[in-house]
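In: Sequence first, predicted model second:
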Amino acid sequence: MMNSANRRDFLKMTAAGTLGAAALLSGAGCSRNSETQDVASLRGLIGKDATILFQGDSITDAGRDRSREQNANDGRMLGGGYVHFAAAQLLAERPADGLKIYNRGISGNKVFQLAERWDADCLALKPDVLSILIGVNDIWHKLNGQYDGTVEVYEKDYRALLARTRQALPAVKLVICEPFVLRCGAVNDKWFPDFDGYRAAARRVATEFKAVFIPFQAMFDRAARKAPPAYWAADGVHPTMAGACLMAQAWVNAVSHA
């Protein structure tokens, strides 16, 4: 059993962990006093007994075990990426809140492929909070000749997907994650400036649907000033363990203060 001094130290460490990658990389101190703010004040977007669904491509998928995808909060179902880190932090901080967290990301997906499986992999779960990270394959597969989409198609399809979601789940709270890349590995000058258009489109869609927007590109741009890009995403697209941890911290911080 912890004594009171140790408990205060533990709570301070836990609170510091939720401040997000931006604060950690900038050297900013903790602006939250964990001794005067309880967990209830940090719920933000996520209420008690909430169902949280993460959707996207391989960055979200992160090797999840599809045979266990019906098991909320299952570590193997959550995969080995940012979803796992974010879920672990939420579940550790809020053990009494009855959160149910799922990962339904699928490697290689583009927006239209999310739409094709949306009834079963989103709407049927009736999430209270829906987080989507999608976009890198919409440009990557175009560059390697496997897809002929454009940023206009991406934005149109994204908007249609969210409109469909809001119609079926009018109370759902949306989190739109910015697609990102780091300049290393598979990412070269051919990606730009087109890739910036996909980022801008995701932000426009987030604004239109009043979603929380997670600016992952700015976060990784700051990170690349602290360590080489490959430290955070070896191939320029898929985060390392360190990169995934930064993403999770940024995600939890954003939804906790929304």
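Out: Okay, I see it. Fair warning: this is a prediction, and the values are worked out from it, not measured in the lab.
In: Spell out the secondary structure type for residue 174.
Out: Classification of residue 174 using DSSP: H, G, I helix; E, B strand; the rest coil returns strand.
In: For residue 179, which non-adjacent residue is closest in space?
Out: residue 135 (3.2 Å; Cβ to Cβ, 6 or more residues apart in numbering). Quick note: C-beta positions are derived from backbone N, CA and C, even for glycine.
In: number of nearby residues for the one you found?
Out: Neighbour count of residue 135, defined by other Cβ atoms under 10 Å: 28.
In: ok, it touching residue 198?
Out: Yes. Look at residue 135 against residue 198 with Cβ atoms under 8 Å: they come within range, at 4.7 Å.
In: Next, show the common contact partners of the two.
Out: Residues touching both residue 135 and residue 198 (Cβ atoms under 8 Å, 6 or more residues apart in numbering): 154, 179.
In: coming back round to it: what's the distance between the residue nearest to residue 179 and residue 238?
Out: Separation of residue 135 from residue 238 (Cβ to Cβ, to the nearest Å): 14 Å.
In: likewise residue 151?
Out: Distance, residue 151 to residue 238, by Cβ to Cβ: 22 Å.
In: With residue 107 instead?
Out: 10 Å.
In: shared neighbours of the two, anything?
Out: Counting by Cβ under 8 Å, 6+ apart, the shared contacts of residue 107 and residue 238 are residue 58.
In: and the two? which has more neighbours close in?
Out: Using other Cβ under 10 Å as the criterion, residue 107 and residue 238 rank with residue 238 on top: 19 against 15.
In: what about that one, which helix or strand?
Out: Assessed by DSSP states H and E, residue 238 sits outside every helix and strand.
In: Retrieve the pLDDT associated with it.
Out: Residue 238 is assigned 98 on the pLDDT scale.
In: Is it in contact with residue 59, as I believe?
Out: Yes. Residue 238 lies in contact with residue 59 (Cβ under 8 Å); the separation is 6.2 Å.
In: so where's the stretch 1-150 of the chain uncertain?
Out: Counting by pLDDT under 70, the stretch 1-150 of the chain shows low-confidence ranges at 1-42.
In: What segments of it are helices?
Out: Along the stretch 1-150 of the chain, counting by DSSP state H, counting those that start in this stretch, helices occupy 4-17, 21-26, 58-61, 75-78, 82-93, 111-116, 118-121, 136-143.
In: Tell me the spacing between the closest residue to residue 78 other than its chain neighbours and residue 239.
Out: Closest residue in space to residue 78, ignoring its immediate chain neighbours: residue 84 at 4.4 Å, by Cβ to Cβ, 6+ apart. Separation of residue 84 from residue 239 (Cβ to Cβ) stands at 12 Å.
In: Mind listing the shared neighbours of those two?
Out: If you check residue 84 and residue 239 against Cβ under 8 Å, 6+ apart, no residue is contacted by both.
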